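Peer 1: Fold the stuff below for me.
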Amino acid sequence: MLAEIITIGDEILIGQIVDTNSAWMAQQLNQIGIQVKQVSSISDDADHIVEALNLARKRATVILITGGLGPTKDDITKFTLARYFNMTLRRDGETLKHIEGIFERLNRPMIDLNIQQADVPDGCTVIQNKNGTAPCMWFESDGNIIVSMPGVPFEMMYLMQEEILPRLKRAFKLPFIVHKTILTANIGESFLATEIESIEDSLPTYIKLAYLPKLGQVRLRLSATGDDEEILKQEVKSFAQLIIERIKPYVVVEDDIALEKAVFDVMESKGLSLSTAESCTGGYIAHLITKHPGSSTVYKGGAVVYANELKQSVLGVSATTLNSFGAVSEEAVREMAQGALKNFQTDYAVSVSGIAGPGGELPNKPVGTVWIAVASKHGVVSKVFQFGNKRMQNIERSSSAALMMILNELKLNTV
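Peer 2: So this is what the prediction gives:
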């Protein structure tokens, strides 16, 4: 079963907002056995909507549309769909009652534009949007199911989870799709592919292997499709174990989680705490960790110390070290990590200092030079990295390398 997602809105095309809806919808569809064939973002233009819909109906059975259902003149999706299906508009009484209830609760007057949101194509199935004023519209035509939903994320998510997905599961006999993800680090995609080539070649046609690279990391995802869920799970597990054994030194975690979550989970399970001392990453490591719920059970705090004066006053780095070796040096990051460990009273501390770029090159220290240290009661380990000249990439790669160093130390010290 194939689906296509169409997101409508000029604000997406000019980069004013990021289309997070499509990624979330694709994930939800995949979980019930519907594969997304294509995702398209188009402008608030009737001809573009019709063209996108015609193409989508040739490729997929289910077409999900978001956006363009607001009360203003630039929201034309409803009117375009009515013309597309040769339907007139009718005022839906249940929808109007729902909208009136919202405005009454807010103690706000309704205007004609608000009332007109209750107008729907007379041949569609109306699905009430309990989180907003624009109803969801379900069309069935020539073997296709076309669903038009609001683009507001929390409205769309409610409709998908409570209404659309259950209806799709009732409408079709869907296959099972089973995934297994392995997170790897410190090995490039091409080297990884070479290592596991023979295993990949032995996969049956209904099991696919995908490589999902990210800076410093590669996710391997096995996906199997079929009618017997238990058999699929067993086969995917078996092939995953073959891959894990082949590339064991590079495996971070056997799950589809972020690298920082893998660090967090290990530390939480062992009752360990972490602090950070960041210079060139500007608090990015702390951000990665604290975006996960419950992070305070592991992460106790940290310091963002760009200025040398703060490296000294907050972390206790000696002036002699900074004058002799500079802030971007092994000596400096080791003292930064030790200072964080002591001052924040944690079990582990990680420090980063480097030249993120694009300027700031020093003698014998080109842009992309980054020193990282991890301190614990077991001692201090440090390592230098040479990244590129792109600032954000250097920040992300430094953070990834720092997290990987923490994980390696955890494995060595808590076996």
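
Peer 1: so what's L174 up against?
Peer 2: 1, 32-34, 168 (C-beta atoms under 8 Å, 6 or more residues apart in numbering). (Glycine included, C-beta is placed from N, CA and C.)

Peer 1: Out of these, which comes closest to N114?
Peer 2: L168 (30.4 Å; C-beta to C-beta).

Peer 1: Buried ones in the longest helix seen in the chain, by neighbour count?
Peer 2: Criterion DSSP state H: the longest helix present in the chain is helix 391-413. By neighbour count on 16 or more other C-beta atoms under 10 Å, the buried set for helix 391-413 is 391, 393-410.

Peer 1: And stretch 222-230, by the same measure?
Peer 2: 222-224, 226.

Peer 1: Then stretch 37-48?
Peer 2: For stretch 37-48, by 16+ other C-beta under 10 Å, it's 39-44.

Peer 1: quick one: contacts of that stretch?
Peer 2: 2-10, 12-13, 19, 22, 26, 49, 52, 56, 59-60, 67-68, 74-77, 79-80, 83.

Peer 1: Show me the shaky parts of the stretch 251-400 of the chain.
Peer 2: The model of the stretch 251-400 of the chain has no residue with pLDDT under 70.

Peer 1: now the strands: where do they sit in it?
Peer 2: Listed in chain order, the strands of the stretch 251-400 of the chain (DSSP state E, counting those that start in this stretch) span residues 251-253, 274-278, 299-304, 348-354, 369-376, 379-386.

Peer 1: possible to save those as JSON lines with mean neighbour count?
Peer 2: Shown next, in JSON lines, are the strands of the stretch 251-400 of the chain (neighbours: other C-beta atoms under 10 Å):
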{"stretch": "strand 251-253", "mean neighbour count": "20"}
{"stretch": "strand 274-278", "mean neighbour count": "28"}
{"stretch": "strand 299-304", "mean neighbour count": "19"}
{"stretch": "strand 348-354", "mean neighbour count": "29"}
{"stretch": "strand 369-376", "mean neighbour count": "26"}
{"stretch": "strand 379-386", "mean neighbour count": "15"}
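
Peer 1: Out of the ones you listed, which gets nearest to G132?
Peer 2: Of those, nearest to G132 by C-beta to C-beta is strand 299-304, at 36.1 Å.

Peer 1: Any stretches of the stretch 101-250 of the chain with poor pLDDT?
Peer 2: Answering for the stretch 101-250 of the chain: no residues sit below the bar, that is pLDDT under 70.

Peer 1: what are the ranges of the strands in it?
Peer 2: Going by DSSP E, counting those that start in this stretch, the stretch 101-250 of the chain shows strands at 119-121, 125-127, 136-141, 144-149, 176-185, 207-214, 217-226.

Peer 1: In terms of secondary structure, what does the first one contact?
Peer 2: With contacts defined as 3 or more C-beta pairs under 8 Å, 6 or more residues apart in numbering; DSSP states H and E, strand 119-121 has these neighbours: helix 77-84, strand 89-91, strand 136-141.

Peer 1: May I see the buried residues of the last one?
Peer 2: Residues of strand 136-141 classed as buried by neighbour count (16+ other C-beta under 10 Å): 136-139.

Peer 1: So what are the sheet partners of that strand and their directions?
Peer 2: Taking DSSP bridges as the criterion, strand 136-141 pairs within the sheet with strand 125-127 (antiparallel), strand 144-149 (antiparallel).

Peer 1: one step back: what is the most widely separated pair among the buried residues of strand 136-141?
Peer 2: C136 and F139 (10.8 Å).

Peer 1: Mind listing the shared neighbours of those two?
Peer 2: With C-beta under 8 Å, 6+ apart, C136 and F139 have common neighbours 147-148.

Peer 1: Would you check how far apart the residue of the chain most remote from its centre and L310 are?
Peer 2: Farthest-out residue of the chain from its mean C-alpha position, per C-alpha atoms, centre = their mean: T320, at 43.3 Å. Applying C-beta to C-beta, to the nearest Å, the value for T320 to L310 is 17 Å.
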